[in-house]
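>>> Could you look at this predicted model? Sequence included:
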Amino acid sequence: MLTDKQQEAEHEVTCASAELDHTRDQFVASMGALEHEITRALDWREWVRRRVGIALALSFGLGLLLGRRP
């Protein structure tokens, strides 16, 4: 049979373990969301989709620059 102090210590260990599991799950979810955002931010196709006008203007300007080469 366990003493009161042993039971209390066992309860604290169980609570700490549960808290660590919860924190780990939150961390994994945050890292997944961060990875998704970084991938989206660095994807050139997504950038063009969100900024069609700027992409067209840059393409047109680059075409003019390359077309005027001697």
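Great, that's in hand.
>>> what about the residue nearest the centre of the chain, helix or strand, and which?
Centrality entry for the chain: nearest residue to the mean C-alpha point is Leu34, 0.7 Å, by C-alpha atoms, centre = their mean. Under the criterion of DSSP states H and E, Leu34 resides in helix 4-42.
>>> And Ser59, by the same measure?
Ser59 belongs to helix 52-67 when assigned by DSSP H and E.
>>> Output that helix as CSV, nothing but the C-alphas.
Extracted as CSV, the C-alpha positions of helix 52-67 are listed here (Å, rounded to 0.1, in the frame of the first residue of the first chain):
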residue,chain,number,x,y,z
VAL,A,52,-1.7,39.0,-61.0
GLY,A,53,-1.4,42.7,-61.9
ILE,A,54,2.1,43.1,-60.5
ALA,A,55,3.2,39.8,-62.2
LEU,A,56,1.9,41.0,-65.6
ALA,A,57,3.6,44.3,-65.2
LEU,A,58,6.9,42.7,-64.3
SER,A,59,6.6,40.3,-67.2
PHE,A,60,5.8,43.1,-69.6
GLY,A,61,8.7,45.2,-68.3
LEU,A,62,11.1,42.3,-68.5
GLY,A,63,9.9,41.7,-72.1
LEU,A,64,10.6,45.3,-73.0
LEU,A,65,14.0,45.2,-71.5
LEU,A,66,15.0,42.0,-73.2
GLY,A,67,13.5,43.1,-76.5
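>>> Tell me which other helices or strands that helix touches.
Contacting helix 52-67 under the criterion 3 or more C-beta pairs under 8 Å, 6 or more residues apart in numbering; DSSP states H and E is no other helix or strand. All C-beta spots, glycine's among them, are computed from the backbone N, C-alpha and C.
>>> Kindly recompute the last result at 10 Å.
If you count contacts as 3 or more C-beta pairs under 10 Å, 6 or more residues apart in numbering; DSSP states H and E, helix 52-67 packs onto helix 44-50.
>>> For the helix it packs on, which outside residues touch it?
By C-beta atoms under 10 Å, 6 or more residues apart in numbering, the residues outside helix 44-50 that reach it are 39-41, 43, 54-56, 58-59.
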